[in-house]
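1. Task: produce atomic coordinates for the following.
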Amino acid sequence: MGHNSLLRIIEANGGDARIISHTIKPRAKILRSDYLKSVDQILVCTDGPEDKALRTKFREEVAKGGFSSGVYSSEWIMRSVLRQQIESDKGNAIVS
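-> Alright, predicted model coming up:
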């Protein structure tokens, strides 16, 4: 599923999302400081090596801020929309 399709699905269901390059530089900031206090932080990406730097940077920022977070595949979005409920889904969680 393409980035723009995921973005539209998330926004149509009341979420706020943005697209972040998987080639993000280590000093760049992923998490939005104006939005952090009110929501869990979720990264939707692949489990492949092309997104490893992004996953690492995301987890560093989450740990530094002490936020609730999850890293999931795009399938997690589709399951959440179908259920009409966002919940932890170990089957679509990306742990590496």
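
2. Now do the strands in the protein.
-> 41-44, 69-72 (DSSP state E).

3. Serialize these to JSON lines and add fields for distance to Asn13.
-> For every residue, glycine as well, the C-beta is placed using N, CA and C. Below are the strands of the chain laid out as JSON lines (distance: least, Cβ to Cβ, whole Å):
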{"stretch": "strand 41-44", "distance to Asn13": "13"}
{"stretch": "strand 69-72", "distance to Asn13": "15"}
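
4. Compare the ones you listed and report which one is nearest to Ser21.
-> strand 41-44 (12.7 Å; Cβ to Cβ).

5. Pairing partners for that closest one, with directions?
-> Counting by DSSP bridges, the strands paired with strand 41-44 are strand 69-72 (parallel).

6. Mind listing residues that contact the partner strand?
-> By Cβ atoms under 8 Å, 6 or more residues apart in numbering, the surrounding residues in contact with strand 69-72 are 40-45, 55, 58-59, 62, 88-89, 92-95.

7. Identify, from those, the entry nearest to Ile24.
-> Checking these against Ile24 with Cβ to Cβ, the nearest one is Phe58 at 9.0 Å.

8. and that closest one, how many neighbours?
-> 21 (other Cβ atoms under 10 Å).

9. For it, give me its contacts.
-> Counted by Cβ under 8 Å, 6+ apart, Phe58 has contacts Ile30, Leu31, Gln41, Leu43, Ser69, Val71.

10. Which two among these are spaced furthest apart?
-> Farthest pair in the contacts of Phe58, by Cβ to Cβ: Leu31 and Val71, 13.0 Å.

11. between the two, which one's more packed in?
-> Val71 (22 against 17).

12. between the strands of the chain, which gets nearest to Ala12?
-> Using Cβ to Cβ, the strands of the chain put strand 41-44 closest to Ala12, at 15.0 Å.

13. and the closest one, how far from the chain's centre?
-> Chain-centre distance of strand 41-44: 2 Å, with Cα atoms, centre = their mean, to the nearest Å.
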